[in-house]
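Enquirer: Provided below for reference: sequence and predicted model.
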Amino acid sequence: MAGNGSYLKKHTEALVKAVGIERACELTGKSKATLGRYYSDSDEHADRFMPVDSVAQLEAAAGYPHVTSALAELNGITLSYDKERRNSEGSGGVNSDVVALSQRFAMLMGEYHTSIEDGIITINEAKRLLRETSALQRVLIEMKLHLEEETST
């Protein structure tokens, strides 16, 4: 559980930072110190985690489910998350998905190449790689939905 706890704390920190510490305090009614304890990696705070209602409030404000996605990953669950929430379906279908997939993959490989040039992937480089990986995942999910739609008709 120590590894899982550390993983959850990292995602809790990312969530608070995505919203901003001041705004996170306002939304949750918690102090900066309390929020800090939720993602602190010190031994005295190892058993402290953010309450679910606070996570829900912050994830709504952040626009991305940082902690929820971490929990899903720890349990081998894949979430389908669509930040765009389009009002209408795109008309491109699978052909457009294949193009978008290849473009996203090229962007991921470009980020990887840039990140690994010096032999070390920094935290910021890892975050950029994670963003590109998530974008690639969204394209794959969209492609899966289009393929399922075509096979059901």
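Expert: Great, that's in hand. Numbering: from 1, shown residues only.
Enquirer: residues in contact with the residue nearest the centre of the chain?
Expert: By CA atoms, centre = their mean, the mean C-alpha position of the chain lies nearest to residue 66, the distance being 4.9 Å. By CB atoms under 8 Å, 6 or more residues apart in numbering, residue 66 lies in contact with 11, 12, 14, 15, 18, 59. Just so you know, the C-beta spots here come from the backbone N, C-alpha and C atoms, and that holds for glycine as well.
Enquirer: ok, 6 Å please
Expert: 11, 14, 15 (CB atoms under 6 Å, 6 or more residues apart in numbering).
Enquirer: Which of the helices or strands spans the first one?
Expert: Taking DSSP states H and E as the criterion, residue 11 maps to helix 2-19.
Enquirer: just checking, residue 136 touches residue 104?
Expert: Yes. In this structure, residue 136 is within contact of residue 104 by CB atoms under 6 Å, at 4.4 Å.
Enquirer: ok, and what's touching stretch 100-117?
Expert: 121, 125, 128, 129, 132, 135, 136, 139.
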